[in-house]
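[1] Provided below are the primary sequence and the corresponding predicted coordinates.
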Amino acid sequence: MLLRKPGGTVLEHIRVIDLCDGISQFAGHILTRLGADVIAVEGSEGTATRHMGPFVADQQGLNSSLTHWAYNRGKQSLTLDIESLD
């Protein structure tokens, strides 16, 4: 449940760019719970949490890390390749 103030959520007009990795990603999740629009930015290999277990059905993959899901739920995400001109 989002934390609410009269007329909306506490951070409903705030957008956050999340460049974190590891457990610090959980701070962005807390901000989503307060109503902020959080955008997680990852490199092409994904963040370290994408490679941390446990995994769905014990199958390792970029989209199957339960750790990553827990730390990043509620966020939007994008991949940024700073080595490419495109």
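    All right, it came through fine.

[2] C-alpha from now on. contacts and neighbour counts both.
    Will do.

[3] quick one: the helices in this protein?
    25-33, 66-72 (DSSP state H).

[4] what does the shortest one contact?
    Taking contacts as Cα atoms under 8 Å, 6 or more residues apart in numbering, the residues outside helix 66-72 that touch it are 23, 25-26, 28-29, 40, 49-50, 52-56.

[5] okay, now residue 13: neighbour count?
    Residues within reach of residue 13, counting by other Cα atoms under 10 Å, total 10.

[6] separation between it and residue 68?
    For residue 13, the distance to residue 68 equals 25 Å [Cα to Cα, to the nearest Å].

[7] ditto for residue 49
    From residue 49 across to residue 68, the span is 5 Å (Cα to Cα).

[8] so between the two, which is more surrounded?
    The residue with more neighbours, out of residue 49 and residue 68, is residue 68; 25 against 20, by other Cα under 10 Å.

[9] so which of the contacts of helix 66-72 comes closest to residue 73?
    Minimum distance to residue 73 across those is 6.3 Å, recorded for residue 29 (Cα to Cα).

[10] so that closest one makes contact with residue 76?
    No. Counting by Cα atoms under 8 Å, residue 76 is not a contact partner of residue 29; they are 10.6 Å apart.

[11] the more surrounded of the two?
    residue 29 (20 against 14).

[12] please name the nearest non-neighbouring residue to that one.
    residue 72 (5.7 Å; Cα to Cα, 6 or more residues apart in numbering).

[13] what does the pLDDT read for the spatially most central residue of the chain?
    Most central in the chain under Cα atoms, centre = their mean is residue 72, positioned 3.1 Å from the mean C-alpha point. As predicted, residue 72 sits at a pLDDT of 96.
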